[in-house]
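Student: Here is my input, please return the structure:
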Amino acid sequence: MKRTLQLMTVLSLLFCGLNLNAQNNAPKVTVKNVKGAAVTIIDSQYHFPYDISDNKQHVVIQGFGADQSFYYTDATGLVEFVGTAFAITDDGVIAGYYPNEQGIYVAGLWFPDTQEWNFLGMNPDYPEFFAESPDYNGAWAMSNDGFNVAIQQFSANWETSTYLWNPNDGYIQLPNGTNQTTRPNGISSDGSVIAGHGTDEIGYWTVCYWKDGEIYTIPNTYGEAMSVSPSGKYICGYIDGMEGNAFIYNIENDEFTSISNTVEPGNALSATCVTDNGDAFGYWSSGFPPMPDMRRAFAYVGGEFMTFNDYLLANGVAETENWSFYSINNVTSDGRTFIGAANADGVDFSFILTLEESLCDAPTNLTYTFSEADFRDVILNWEAPADPVNVTYEIYAGYTATEPLFAGITETTFVIEDLEVGEYNFIVRANWGGECLSGGSNSVKPTIYPCATDDMCELVFTMVDEYGDGWNNGYIEIVGTLSDMVYKAELKQGGYTDDPGILVLPLCEDLYTFTWVKGEWDTEVGFTVTLEGEEILNVGMGSINETFELTLLENYDVDCAAVVNEMPIENNISIMPNPAQNYFVVEGDNIANVEILNALGQVVDVINVENGSIQISTANYNNGIYFVKAITNNAQVIVNKVVVSK
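Tutor: Just a heads-up that it's a prediction; the model follows:
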């Protein structure tokens, strides 16, 4: 402890220009700014703060050494103990695993008053320790009240399964589903949602989660879910693959968001925590092997990727601009207090960082629609903050933009006219009479195409990979002549021949060139492209080799009007009502079943059809565009679009 105090004293002297207040064993750094932050240094070296209690009083830290963990409060300072800790409650109780007197690793709770572990007890399904293995079970996640604990349970042959433990019912087994093994990593506040990973029959890690005791696996996605938002609405984690993207998944509306590293493309991301509004934080590795000091922290806020430094700047915290934030490891439920590791003036440290409360409220629930009169006009709507006295609104091109696109808006709706073809990002801030500029609303990201959506037709890409691990950075690039927009058809994960990836790509009438962009394992790739049921391109597995002509189709005429006119009558399907509010009816001749795909091409529903008609409820669908893929008894495929607007 004396050595720790000496190191922390040296560290505190290095923070010139910041107000340092000694606080027991950890100095406190207060950033002076209109909207600043309080920074508490909890460890004068780079360790891995793993969890913070929701009352912000307790932190559990993992060291990079085996069986090394730390407990921190303002009152106790840093307390080292043996074991591997993962979660902490408002009372400072820690969940993890530790070696018992026999050297067997078991799940337990560590109590700060006794500074000792309590074993959760033997799992009745595994009444004895294993002679051939030192691993029995471990606690990997815990609800903030300490009632629900997520357990990884080993078997004698090292296979694992997931259990939920509570003091009333003991061990409750959760299903593995089709996974050979599973492990939990995160849990919601009420314990109803648990997230982690499984392994398939080949050994690939699959992203899975449990909701109310049932297991769900995200199709064609390999990687690991690391965290659950407090309400259980979102999970986040990372995706295996050459691109190394992170992800956010909304389990309420089956919406999967892949997060790409746009700051240092190609460096793998890991999302470690997610808030109830879908903002995620984590780190990327800027080299290989991914040593701790080669990590850099990121924020994904309002659909915008940025460094954590830029996130702080956008929140008025300027004096940390030159700090190197290694990682953000967790965030409290209010989204304002973070734990992680950083470096300032060449000195590593672990920290708690709390953003000051905003001085004024922001607009909420920003949405957009397209004008019926002109598809290039975007109509923004939002909700005013409470008691909006002397408030005007400003529209910005994203979270980190410093200058507004439009200002002085007095209503909660605004039309942006005559936008050029391309992708856009908008947020809204409230200006309170020039006295205070609020934080940003949620963001919206409209895309302006060269034509109205009603004038588009859809290309369907059926994509396979011999080993079911995606296309490894290979993709089809589609470029037209009417705009500079570049479309991509890519298979990030999965793709077995019996479970191919499906992408539905709406396109305007134009001349398009299709080009194959090389990946790492192109000989494993195969795909077909159909336009309204007519096959226009077929590339079999093994065809893409060193002599393959990369230009697949040049100046291919996508003539939507001609396609519709030439469609055989027996292949027509009708969807009514469209847009749909509570339900829609699919009717057509000879239809065997119907698949519903979201805008990302992910299958969200499969329904068998009798007598050529089926009524489909929209209760579990989010507002937006969906694609109805009807498959006839003679294996023909017809794809149509439906808009859900509740």
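Student: can you count the residues close to residue 158?
Tutor: Burial measure for residue 158: 11 neighbouring residues, criterion other CB atoms under 10 Å. Just so you know, the C-beta spots here come from the backbone N, C-alpha and C atoms, and that holds for glycine as well.
Student: Surely it forms part of a helix?
Tutor: No: assignment of residue 158 by DSSP: H, G, I helix; E, B strand; the rest coil gives coil, placing it outside any helix.
Student: okay, it: pLDDT?
Tutor: Note for residue 158: predicted pLDDT of 88.
Student: do the same with residue 644
Tutor: For residue 644, the pLDDT comes out at 80.
Student: try residue 565
Tutor: Confidence for residue 565, expressed as pLDDT, is 39.
Student: Could you report the neighbour count for residue 313?
Tutor: 16.
Student: Put the alpha carbons of the helix or strand containing it into PDB.
Tutor: Residue 313 is part of helix 308-314, with elements assigned from DSSP states H and E. Output of helix 308-314 as PDB, limited to C-alpha atoms (Å, rounded to 0.1, in the frame of the first residue of the first chain):
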ATOM      1  CA  PHE A 308     -13.500   8.800 -26.600                       C
ATOM      2  CA  ASN A 309     -11.400  12.000 -26.700                       C
ATOM      3  CA  ASP A 310     -13.800  13.500 -29.300                       C
ATOM      4  CA  TYR A 311     -16.800  12.300 -27.300                       C
ATOM      5  CA  LEU A 312     -15.500  14.200 -24.300                       C
ATOM      6  CA  LEU A 313     -14.800  17.300 -26.400                       C
ATOM      7  CA  ALA A 314     -18.400  17.100 -27.700                       C
END
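Student: Enumerate the beta-bridge partners assigned to the residue nearest in space to the middle of the chain.
Tutor: Computing the C-alpha centroid of the chain and ranking residues by CA atoms, centre = their mean puts residue 248 first, at 1.4 Å. When assigned by DSSP bridges, residue 248 has beta-bridge partners residue 236, residue 257.
Student: repeat for residue 364
Tutor: According to DSSP bridges, beta-bridge pairing links residue 364 with residue 383.
Student: Which stretches in this structure count as helices?
Tutor: Taking DSSP state H, the helices of the chain run over residues 2-14, 308-314, 560-566.
Student: Among the ones you listed, which one carries the weakest average confidence?
Tutor: Note on these: helix 2-14 shows the lowest mean pLDDT, a mean of 28.
Student: got the domain boundaries for this protein?
Tutor: Split into domains by automatic domain parsing, the chain comes to 2-355, 364-448, 453-566, 570-644.
Student: Please work out which of those is packed deepest.
Tutor: Most buried of the domains of the chain, by mean neighbour count (mean count of other CB atoms under 10 Å): domain 2-355, with a mean of 19.
Student: Low-confidence stretches in the stretch 151-300 of the chain?
Tutor: Within the stretch 151-300 of the chain, the stretches with pLDDT under 70 are 241-243, 287-290.
Student: at 80 instead, please
Tutor: Within the stretch 151-300 of the chain, the ranges that satisfy pLDDT under 80 run 219-220, 241-244, 266, 286-293.
Student: which residues touch residue 247?
Tutor: Contacts for residue 247 (CB atoms under 8 Å, 6 or more residues apart in numbering) come out as 207, 221, 223, 236, 237, 238, 239, 256, 257, 258, 259, 271.
Student: Distance of residue 641 relative to residue 36?
Tutor: Applying CB to CB, to the nearest Å, the value for residue 641 to residue 36 is 48 Å.
Student: hang on, the earlier thing: any idea which of the domains of the chain has the lowest pLDDT on average?
Tutor: Of all those, domain 570-644 carries the lowest average pLDDT, namely a mean of 80.
Student: how far is it from where the chain is centred?
Tutor: 27 Å (CA atoms, centre = their mean, to the nearest Å).
Student: Check stretch 348-363 too.
Tutor: On the basis of CA atoms, centre = their mean, stretch 348-363 sits 22 Å off its chain's mean C-alpha point.
Student: ok, residue 419 - contacts?
Tutor: Contact analysis of residue 419 by CB under 8 Å, 6+ apart lists 376, 377, 378, 448.
Student: go on, residue 179?
Tutor: 198, 199, 200, 206, 208, 215, 217 are the contacts of residue 179 under CB under 8 Å, 6+ apart.
Student: 6 Å instead, please
Tutor: When contacts are counted by CB atoms under 6 Å, 6 or more residues apart in numbering, residue 179 is found next to 198, 199.
Student: That one and residue 441, how far apart?
Tutor: From residue 179 across to residue 441, the span is 39 Å (CB to CB).
Student: Check residue 376 too.
Tutor: Using CB to CB, we find residue 376 at a distance of 23 Å from residue 441.
Student: Please apply the same query to residue 38.
Tutor: Residue 38 is 25 Å from residue 441, where distance means CB to CB.
Student: can you check residue 305 too?
Tutor: Going from residue 305 to residue 441 by CB to CB gives 18 Å.
Student: And residue 351, by the same measure?
Tutor: According to CB to CB, residue 351 and residue 441 sit 29 Å apart.
Student: Residue 630 contacts residue 589, correct?
Tutor: No: Residue 630 lies out of contact with residue 589 (CB atoms under 6 Å); the separation is 10.0 Å.
Student: Overlap of the contact sets of those two?
Tutor: In terms of CB under 6 Å, 6+ apart, residue 630 and residue 589 are not both contacted by any residue.
Student: got the contact list for residue 374?
Tutor: Going by CB under 6 Å, 6+ apart, residue 374 touches no other residue.
Student: Just want the phi and psi numbers for it.
Tutor: phi -150, psi 120 (degrees, to the nearest 10).
Student: Who does residue 406 form a beta bridge with?
Tutor: Note on residue 406: beta-bridge partners by DSSP bridges are residue 395.
Student: Give me the distance between it and residue 630.
Tutor: Distance of residue 406 to residue 630, computed by CB to CB: 43 Å.
Student: One more: residue 138?
Tutor: According to CB to CB, residue 138 stands 48 Å off from residue 630.
Student: and what of residue 137?
Tutor: Going from residue 137 to residue 630 by CB to CB gives 48 Å.
Student: Residue 204 is in contact with residue 223, isn't it?
Tutor: No: Residue 204 is beyond contact range of residue 223, at 9.2 Å (criterion: CB under 6 Å).
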